[in-house]
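Asker: can you look at this prediction? I've put the sequence above it.
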Amino acid sequence: MYSQITAWHDAAVNIPVVDPSPTSGVLSLAWLVIALPLAGAVILLLGGRYADKWGHLLGTALPIGSFVVSLLMFVSLLGRDANDRQVTQHLWQWFDVGRLHVGFDLLYDPLSALFLLLITGVGSLIHVYSIGYMEHDPRRRRFFGYLNLFVAAMLLLVLSENYLGLFLGWEGVGLASYLLIGFWQHKPSAAAAAKKAFVINRVGDIGMSLAIALMFVTFGTTSFTGVSHLAAGASDNTLNALGLLLLLAACGKSAQVPLQSWLLDAMEGPTPVSALIHAATMVTAGVYLIVRSNFIFELAPKAQTVVVIVAVVTLLWGAIIGCAKDDIKKALAGSTMSQIGYMMLGAGLGVGGYAFAIFHLLTHGFFKANMFLGAGSVMHGMNDEVDMRRYGAVRHAMPITFLTFAMGYLAIIGFPGFSGFWSKDKIIEVALADNWVVGLFALLGAGITGFYMTRLMLMTFFTEKRWKEDVHPHESPAVMTVPLIVLAALSVLGGVMLAGNWIQDFLAPVTGVAPHENPPLPAIVVTLLAVLVVAVGVATAWFLVGKREVSVTAPQDVSFATTAARNDLYGDAINDALVVRPGKSLIRTLLSIDRYGVDGVTTGGPIALGALAGQLRRVQNGFVRSYALSLLGGVLLVVLALLVVNVG
Amino acid sequence: MTAFWILAPIMVIAALGILFVRKAVHAALLLAVVMMSLAVLYLVLQAPFLFAVQIIVYTGAILMLFLFVVMLVGVDASDSVVETIRGQRILAILAGLVLGLVLVTGLGQITLGTAVGLDNANSGGNIQALADILFSRYVFAFETTSALLITAALGAMVLAHRERLGPKPTQADLAHQRVRDYAEKGLHLGPLPPPGVFARHNSVDTPALLPDGTAAEASISRVLAARGTVRSAPELADDIETVQRRLEAFGDDTARGRGSAPASTEKDAE
Amino acid sequence: MTATPYVVLSAIIFTIGCVGVLTRRNAIVVFMCVELMLNASNLALVAFARQHGNLDGQIAAFFVMVVAAAEVVVGLAIIMTIFRTRRSASVDDASLLKY
């Protein structure tokens, strides 16, 4: 069907088209990966209190089952020839409306394979961790039900073969995110945060649905196969519009500027949720979307430029916020925002950056989940205290948490040899090669990362103890520390994936192969530069935080920059001024037009009639004699009329 | 026509009187005048049966019913002169004048010609002729009026009926109540004192005298007291000496001889 | 001898009755005025009976009397009931049924 177009298409850029073959063997189990956690969600959420006793065990076992299946499929995929690593599974015809034929199809390729492993792997570890973390919560079964729902939706998102299926998963994770942010719904702040996340995500979803509609109008299909084959035939404007709409969707889901403000509030949810959804997996869906849509972005350079701009702004924005936050989870959330900015940057840089964006996404998934769970472990031992000014010297009380957290810390700042070092370094390298301004900003971001992570590390685990009298920090149980250890190991060793450019080659069927260019600077120079910048950041933090006494309450006489960063760089204020208040006044105007204009026209007549009737009913005064008088008046009229008629 | 010209002014004046008298009972009496005059006019108009019915039913029954109701509502009940509904009186008089003028001028312009007279129709007797028509042509309407009358009677009974709210007090209950009133409020236990009835004034409007010579208020009816027609017993005793003298003179006369006695009594009676 | 004077008299009495109904407030007097109007119409009926030489007019007057009797019975009962509950025989006092 697409062969005629392919002929001249290949001549253009080296954009790989999605051209899968039907599944066979182990790969046919792709549906099971989604079905297992979905079944878990159904059983746990419909099972009621009968499932209370064993709900968390089932809820953990099913994602582990998914992980095993994913692993089997991954091994099977590795066993295939490099050109035969895209397979599709047609489950059923979803719907046929007019020209639109949408199948419930799954696509399993190297990109999906890596995501599957990340989601089910890290997801399973976080499920195990949650057994301990949520032990005393009376609604633990429901929590696991929501987590399973999330995992199922996320897997559908990365496995779907068309944009509609992706959108279904996209909305599914949005729903699960909403439910889990507001899991402690008795707290008004949690309920408000959930609502905020939901509403802001809707803005992104508008981009998504418009993009899908535009795809259908332009290409007549929404499947990756179809769109990737036909993309080159579309006009530049259409492709740029598509790219921008998809970017809007990605911004909503991945908390990129200007739709970033929900992520910090989302930390109201339980910590495992922050680790799984708001660090490792869901917020990276935007990066997945852009990498997956590379066949559009490669043909839409303007949209790609906008992606880079958004990414740079976000990576600095998040990093600056991270510097000023005293709430450990919010500091980590700022860091997450910043790191996703790096991934978006990688994705925006085109063929050369896709693989590294995904690489950084994976390593970030490991070390950020590790650190979030570590933060949760600290909170668990500190009576749910989140203010880092109330921590200090926790390393003695929680050695395992400290050591695992330290692994994550070294990974995120890019300590040579750790996973983050390899992935971030590669992105900076590509950025510098593409545009030196962008590259410098990325370098600056790395330095700030070094600063704020060191600050967090020092305030939490070093310096003298500042916790309250009744707090007795203690190490978390094994069910929580074992996932930490596993994730710490992955944080350290994640860089292995880059060995021999394996990840680039593995992802090549999806992302394409970058043409070899001569970088302006040798790779080793860039690496040294990055390490140097990070070292400066770490040292600054050491002198500003480690060498001084940390006050228990946040000092108020601070610079404007600090105040702004504490207030999320006025993200909410900007939203209020630009969207909320004009929107409100618009609605108020429309409402008054409706009430007084439209309603006035329709109800004016009846109101006038009613007023007239109100006056006329005064005639009914209740006095019989008045009625008799009017009767006599009538008689007179009749008599006079008779007289007139007879005389006339 | 003589009767008409005599009665017509009387009727109009009496009818106007109904408009202007303030007491309902006077209005009822003036209405009686109109009705009686009307009855006479019926006779003149060769309707002897209606003459009788007018007197018996209207004047005799309906008007008496009016008077009964006037008694129940209160003889003294009279309208206040102030008109409460604004413009009602002026409009009513205006409308009435216009109606009257239109009717009178309208009817006055019609020439009816000489009356046929009922001599022919009444030849077999007015009542027989009426009965003839009533029980032939109008029999259905006549029977229907019986339903109307029964309905009216039942309706009046239903309307006038009053539900008893509590059980009817027995004689024993009343006696107990009186004793209780005496015990609690010190009310008089026995029967009220009778009025002072004297040999010369066989009347209840004179109060009895208490041992100290003052009048006993409780011995006369409240109605008489309210009317102010109570007489004082000591005042009535003024001429007692005159009477005594007469009686003595009468006694002397009888002692002297029986012959002049009747003449003397006759003189006294005057 | 024509019926015209009788009819004119009837009209005058009828008008007086009308004005009485409109101006008097004592329910009993109002009722008397209604009777006055009925009687006035009766006079006209009887006069016309004689004018035309047949007895139908008298029969009509007879029926009017019957109806008037029924009306008076019910009407006076209503007046009594109102008086019993309101201690007033004024037609203006019974004015609750209004706007």
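Answerer: That came through fine.
Asker: burial count for residue 31?
Answerer: The chain I'm using is chain A. 15 (other C-beta atoms under 10 Å in any protein chain shown). For every residue, glycine as well, the C-beta is placed using N, CA and C.
Asker: please go with chain C instead
Answerer: Using other C-beta under 10 Å: C:Phe31 sits among 23 other residues.
Asker: now it, nearest residue through space, not along the chain?
Answerer: Once flanking residues are discounted, C:Phe31 sits nearest to C:Gly75: 5.7 Å by C-beta to C-beta, 6 or more residues apart in numbering or on different chains.
Asker: and the one you found, how far is that from B:Val69?
Answerer: 10 Å (C-beta to C-beta, to the nearest Å).
Asker: same deal with A:Gly622?
Answerer: 23 Å.
Asker: show me where chain C dips below the pLDDT cut-off.
Answerer: Under the criterion pLDDT under 70, no range of chain C is flagged.
Asker: quick check: the residue of it nearest chain B.
Answerer: Closest residue of chain C to chain B, C-beta to the nearest C-beta: C:Gly53 (3.0 Å).
Asker: could you count how many residues lie near that residue?
Answerer: 15.
Asker: who are the contact partners of the residue in the stretch 251-400 of chain A that chain B sits nearest to?
Answerer: Among the residues of the stretch 251-400 of chain A, A:Glu268 lies closest to chain B, at 70.2 Å counting by C-beta to the nearest C-beta. Applying C-beta atoms under 8 Å, 6 or more residues apart in numbering or on different chains, we find A:Glu268 in contact with A:181-182, A:184, A:187, A:189-190, A:193-194.
Asker: okay, and which of these map to helices?
Answerer: Members of the contacts of A:Glu268 lying in helices (criterion: DSSP state H): A:181, A:189-190, A:193-194.
Asker: make a markdown table out of these and add pLDDT, distance to chain C and neighbour count.
Answerer: Output for the ones in helices among the contacts of A:Glu268, formatted as a markdown table (pLDDT from 0 to 100; distance: C-beta to the nearest C-beta, whole Å; neighbours: other C-beta atoms under 10 Å in any protein chain shown):
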| residue | pLDDT | distance to chain C | neighbour count |
| --- | --- | --- | --- |
| A:Ile181 | 93 | 59 | 29 |
| A:Ser189 | 92 | 56 | 11 |
| A:Ala190 | 93 | 57 | 21 |
| A:Ala193 | 93 | 57 | 22 |
| A:Ala194 | 93 | 55 | 24 |
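Asker: with distance to chain B added, can I get these in TSV?
Answerer: Output for the ones in helices among the contacts of A:Glu268, formatted as TSV (distance: C-beta to the nearest C-beta, whole Å):
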residue	distance to chain B
A:Ile181	71
A:Ser189	67
A:Ala190	66
A:Ala193	69
A:Ala194	67
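Asker: quick one: which of these is nearest to A:Ile320?
Answerer: A:Ala193 (21.2 Å; C-beta to C-beta).
Asker: and the closest one, how far from A:Gly614?
Answerer: 52 Å.
Asker: and B:Leu224, by the same measure?
Answerer: Distance from B:Leu224 to A:Gly614, by C-beta to C-beta: 57 Å.
Asker: between those two, which has more neighbouring residues?
Answerer: B:Leu224 (17 against 10).
Asker: show me how chain A divides into domains.
Answerer: What automatic domain parsing lists as the domains of chain A is A:7-566, A:567-616, A:618-648.
Asker: winner for burial among those domains?
Answerer: domain A:7-566 (a mean of 21; mean count of other C-beta atoms under 10 Å in any protein chain shown).
Asker: how far does that one sit from its chain's centre?
Answerer: 8 Å (C-alpha atoms, centre = their mean, to the nearest Å).
Asker: for the closest residue to chain C within the stretch 201-350 of chain A, which non-adjacent residue is closest in space?
Answerer: Residue nearest to chain C within the stretch 201-350 of chain A (C-beta to the nearest C-beta): A:Arg202, separated by 53.5 Å. In space, and not counting its chain neighbours, A:Arg202 is closest to A:Gly252: 7.7 Å by C-beta to C-beta, 6+ apart.
Asker: show me the contacts for residue 69.
Answerer: All of this is about chain A. Residues in contact with A:Val69 (C-beta under 8 Å, 6+ apart) are A:29, A:32-33, A:36.
Asker: that was the other one, I meant chain B.
Answerer: C:28, C:76, C:79-80.
Asker: okay, it: pLDDT?
Answerer: B:Val69 is assigned a pLDDT of 89 by the prediction.
Asker: any idea which helix or strand carries it?
Answerer: Per DSSP states H and E: B:Val69 is located in helix B:63-73.
Asker: distance from that helix to the middle of the chain?
Answerer: On C-alpha atoms, centre = their mean, the centre of helix B:63-73 falls 7 Å from the chain's centre.
Asker: give me the buried positions along it.
Answerer: B:63, B:65-67, B:69-70, B:73 (16 or more other C-beta atoms under 10 Å in any protein chain shown).
Asker: mind putting those into TSV with distance to B:Leu30?
Answerer: Output for the buried residues of helix B:63-73, formatted as TSV (distance: C-beta to C-beta, whole Å):
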residue	distance to B:Leu30
B:Leu63	11
B:Leu65	17
B:Phe66	12
B:Leu67	13
B:Val69	16
B:Val70	13
B:Val73	18
